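**Q** requesting a structural model of the entry that follows:
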Amino acid sequence: MNGYEAAEKIRELSADVPIVAMTADVIMGVRNKCEESGIYHYISKPFNPDQLIQIIKDIILENESTIDGDTTVLDRKLGLKNMGDNLELYLQVLEEYRNENQDTLERLETAVREKRYVHAAQIVHKVKGSSGSIGAKSLYDAAILLQKALDEENEDEIIPLHQRFAKLLKKLLEELM
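**A** Residues are numbered from 1 along each chain as shown. Model prediction:
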């Protein structure tokens with residue numbers, strides 16, 4: 001089975017699975033054949049690891065950028081487990097989290113807009129740790145990526161990662177109301 005056939009089999013199972021093709025040349029005929037087979041991402045030979053990493057990051061951002069209204073950010077079972085199954089403690093921590101983060105989005109937005117990336121990274125770092133503890137894994141994961149982009153002052157990644165982080169934090173705070 002060649003790559004095109006493999007992609008077609010994968011598409012029979014799922015239209016959403018990202019497939020990245022590695023090809024010697026991405027000329028128009030090859031590109032069209034890939035797209036017909038359900039392959040929408042390409043890497044040309046010679047292989048460039050940085051390009052592959054960037055494509056993977058882009059795919060992750062594309063697939064995580066949709067946060068629908070039915071998806072919850074907070075996994076209460078995980079959060080409760082992280083608190084030693086102490087419900088009273090967990091509820092106190094959730095209330096404290098909500099209170100502490102009422103102005104976080106505004107402070108972060110200002111820091112990013114003013115390109116005060118060190119300060120923005122500190123804000124994200126604080127949210128990251130507490131989000132992981134309470135069971136907000138998707139927010140924790142988004143915080144890791146955003147903090148890294150801020151630390152590296154990678155402006156191409158900061159904006160989309162900041163938007164993702166902000167959507168998740170806003171949704172989480174709504175869940176805690």
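
**Q** could you use CA atoms for every contact and neighbour count after this?
**A** OK.

**Q** all strands for this protein, in order.
**A** 20-23, 41-44 (DSSP state E).

**Q** Glu5: which of those strands is closest?
**A** Glu5 lies closest to strand 20-23 among the strands of the chain, at 12.2 Å (C-alpha to C-alpha).

**Q** for the most centrally placed residue in the chain, what are its contacts?
**A** In the chain, the residue lying closest to the centroid (C-alpha atoms, centre = their mean) is Ala142, at 4.5 Å. Contacts for Ala142 (C-alpha atoms under 8 Å, 6 or more residues apart in numbering) come out as 161, 164-165.

**Q** now, which of those residues sits nearest Arg76?
**A** Closest to Arg76, out of all of those and judged by C-alpha to C-alpha, is Phe165, at 19.3 Å.

**Q** that closest one - how many residues pack around it?
**A** Residues lying near Phe165 (other C-alpha atoms under 10 Å) number 24.

**Q** what do you get for the one 3 residues further on?
**A** Leu168 is flanked by 23 other residues according to other C-alpha under 10 Å.

**Q** contacts only, for the nearest residue to it once chain neighbours are set aside.
**A** Nearest residue to Leu168, sequence neighbours excluded (C-alpha to C-alpha, 6 or more residues apart in numbering): Leu139, at 5.8 Å. Going by C-alpha under 8 Å, 6+ apart, Leu139 touches 73, 128, 131-132, 165, 168-169.

**Q** same check, this time on Leu176
**A** Applying C-alpha under 8 Å, 6+ apart to Leu176 gives the contacts 94-95, 98.

**Q** out of the residues you listed, who's nearest Asp58?
**A** Relative to Asp58, the closest of the contacts of Leu176 is Arg98; by C-alpha to C-alpha it sits at 30.6 Å.

**Q** which stretch in the strands of the chain has the least confidence?
**A** Lowest mean pLDDT within the strands of the chain: strand 41-44, a mean of 77.

**Q** how about the contacts of Leu139 in CSV, adding pLDDT and distance to Glu35?
**A** Formatted as CSV, these follow (pLDDT from 0 to 100; distance: C-alpha to C-alpha, whole Å):
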residue, pLDDT, distance to Glu35
Val73, 88, 33
Lys128, 93, 38
Ser131, 92, 39
Gly132, 89, 38
Phe165, 93, 31
Leu168, 93, 32
Leu169, 94, 36
